[in-house]
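Enquirer: what's the 3D shape of this:
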Amino acid sequence: MPVPAYRFLLPLILVCACPVAASAQPVDPALAACAQIVDATARLACYDRLAHAGADTGATPPVGQQANAPATAPQSAAEASSPTLSGTSLADVWELDAAHKRGVFDFRPHQPTYLIATRTAHPNNAPYRPFRDITRLGTNLAHSELVFQLGFKLKLVEDAFDKPVDLWFGYTQNSFWQAVNQQASSPFRETNYQPELMVVTPLHFSVLGMNARFLNLGFVHQSNGQSSTLSRSWNRVYLQTGLEGGGWTVLGRVWKRVNEAAADDDNRNIVDYMGHGDVNITYRHDGNDYSALLRHNFSTGRGAVQLSWAFPLAGHFKGYTQLFSGYGQSLIDYNYYQNVLGLGLLGTF
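Expert: Got it, this is the predicted structure:
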């Protein structure tokens, strides 16, 4: 059995960013002390006290700080979970403190929103062969597709029971379009629908030199809306935590599948391929987002790696490249190994 290519991609996530050259200007110790405060509200109050003190004494700020506001935290693929979002920190993405609260029923980004053209060497034709005449898929699937993903979330309850606990609803849709397969009338070969409920609470401690920012208890349903032998679905309860620091964001998640009756289970061995959790690592620098999504089942030796790079382009769009290697790029392919390369656009709305 050949060694899966995704295993050779794992070392790439261990590459560390080069240190950024330090500024030649001296840093005010008081400003440096404010910057170390984790809580955004307390940090802002610290800056305000310094500003008021300077105004009262007539002191002139050091050169390089006269017209500049304090630096904000570095940027957040997700969703998410994950991924590149319009917010710059986990506190903003999940509204973890008073400075970032936006109230309920306000649409926010969730999983990444993107449109990419993909190419795979080996499409998964097997599930469609029994339906070839009905679906008009012809002899084989096209090797190239257009793949798009849409994701959003909104807060349903804020500070439940007067505690720092929020209830969120999230939705993600991922579609695979055989746009160039004109022989089969360019069908959508697969669409995955993923609604979820998430209970989120902030965390305030350090681990491994990073700041733990939130804990998320969620329930997620994922299905492809198909019937008969094309049907795929599963339900999971998961626990997720998020760390950030120094331009890095790490999201770790473990899940337990909610088992179905054997007669209704379309993919009873899905955990063998999708594992029991995932890790999403993102590093941001100069407007570039470098991400790695990792899954692995240590019992079966199966899993997947997805590497992505988002780079500045124009307005609310970034250029986006994605390399997937392993099992489960989509639900219909949960037990099918493939390598897929994609290039397109990522939205940062």
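
Enquirer: From the domain annotation, what segments belong to each domain of this protein?
Expert: Domain assignment of the chain by automatic domain parsing yields the ranges 25-71, 74-347.

Enquirer: How much space separates E260 from A91?
Expert: Distance, E260 to A91, by Cβ to Cβ, to the nearest Å: 37 Å. For every residue, glycine as well, the C-beta is placed using N, CA and C.

Enquirer: more crowded one of the two?
Expert: A91 (24 against 14; other Cβ atoms under 10 Å).

Enquirer: Find the residue closest to G151 in space, skipping its chain neighbours.
Expert: Of all residues not flanking G151 in the chain, Q111 sits nearest, at 3.4 Å (Cβ to Cβ, 6 or more residues apart in numbering).

Enquirer: Which secondary structure state is assigned to that neighbour?
Expert: coil (DSSP: H, G, I helix; E, B strand; the rest coil).

Enquirer: how many neighbours does it have?
Expert: Using other Cβ under 10 Å, the number of residues around Q111 comes to 25.

Enquirer: now do F105
Expert: F105 has 10 nearby residues by other Cβ under 10 Å.

Enquirer: quick one: it is in a helix?
Expert: No - under the criterion used here (three-state DSSP), F105 is coil, not part of a helix.

Enquirer: Check what pLDDT it gets.
Expert: You'll see F105 listed with a pLDDT of 97.

Enquirer: Do I have it right that it meets F152?
Expert: No - using Cβ atoms under 8 Å, F105 makes no contact with F152, being 11.8 Å away.

Enquirer: Single out the most deeply packed of the domains of the chain.
Expert: Greatest average neighbour count among the domains of the chain goes to domain 74-347 (a mean of 18), per mean count of other Cβ atoms under 10 Å.

Enquirer: Relative to the whole chain's centre, how far out is that domain?
Expert: Centroid displacement of domain 74-347 relative to its chain, using Cα atoms, centre = their mean, to the nearest Å, is 6 Å.

Enquirer: quick revisit: now the weakest link among the domains of the chain, please, by mean pLDDT.
Expert: Lowest mean pLDDT within the domains of the chain: domain 25-71, at a mean of 58.

Enquirer: mind listing what the closest residue to T300 other than its chain neighbours touches?
Expert: Of all residues not flanking T300 in the chain, D272 sits nearest, at 4.7 Å (Cβ to Cβ, 6+ apart). Contacts for D272 (Cβ atoms under 8 Å, 6 or more residues apart in numbering) come out as 297, 299-300, 302, 335.

Enquirer: Which secondary structure state is assigned to D272?
Expert: helix.

Enquirer: What's the separation between it and R295?
Expert: D272 is 12 Å from R295, by Cβ to Cβ.

Enquirer: Please tell me I have it right and R108 contacts K153.
Expert: Yes - using Cβ under 8 Å, R108 is in contact with K153, at 5.4 Å.

Enquirer: follow-up on the earlier one: of all pairs in the contacts of D272, which one is the farthest apart?
Expert: S299 and N335 (15.0 Å; Cβ to Cβ).

Enquirer: Now T249: which helix or strand?
Expert: In this assignment (DSSP states H and E), T249 forms part of strand 248-258.

Enquirer: Convert that strand to PDB, retaining C-alpha atoms only.
Expert: The C-alpha atoms that make up strand 248-258 are tabulated as PDB, following Å, rounded to 0.1, in the frame of the first residue of the first chain:
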ATOM      1  CA  TRP A 248      -0.200  32.500  15.200                       C
ATOM      2  CA  THR A 249      -3.700  31.200  15.700                       C
ATOM      3  CA  VAL A 250      -4.300  27.500  16.700                       C
ATOM      4  CA  LEU A 251      -7.700  26.000  16.800                       C
ATOM      5  CA  GLY A 252      -8.000  22.400  18.200                       C
ATOM      6  CA  ARG A 253     -11.100  20.400  18.200                       C
ATOM      7  CA  VAL A 254     -12.100  16.900  19.300                       C
ATOM      8  CA  TRP A 255     -15.500  15.300  18.400                       C
ATOM      9  CA  LYS A 256     -17.700  12.300  19.200                       C
ATOM     10  CA  ARG A 257     -20.000  11.000  16.500                       C
ATOM     11  CA  VAL A 258     -23.600  10.600  17.400                       C
END
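
Enquirer: other SSEs contacting it?
Expert: If you count contacts as 3 or more Cβ pairs under 8 Å, 6 or more residues apart in numbering; DSSP states H and E, strand 248-258 packs onto strand 210-223, strand 233-245, strand 277-285.

Enquirer: The first one versus strand 248-258: what angle between them?
Expert: Yep, that's strand 210-223 we're talking about. Counting by axes from the mean of the first three to the mean of the last three Cα atoms, to 10 degrees, strand 210-223 lies at 40 degrees to strand 248-258.

Enquirer: Same question for the second one.
Expert: Going by the same axes, to 10 degrees, strand 233-245 is angled at 160 degrees with respect to strand 248-258.

Enquirer: by contact count, what packs against strand 233-245?
Expert: strand 210-223, strand 248-258.

Enquirer: of all those strands, which lies closest to R49?
Expert: Taking Cβ to Cβ, strand 210-223 is the member of these nearest to R49, at 22.3 Å.

Enquirer: Show me what the closest one is packed up against.
Expert: For strand 210-223, the packing partners by 3+ Cβ pairs under 8 Å, 6+ apart are helix 90-93, strand 188-207, strand 233-245, strand 248-258.

Enquirer: Can you add distance to D159 and give those back as CSV?
Expert: Formatted as CSV, the helices and strands packed on strand 210-223 follow (distance: least, Cβ to Cβ, whole Å):
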stretch, distance to D159
helix 90-93, 15
strand 188-207, 10
strand 233-245, 19
strand 248-258, 23
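
Enquirer: I'm done for today, thanks for sticking with me.
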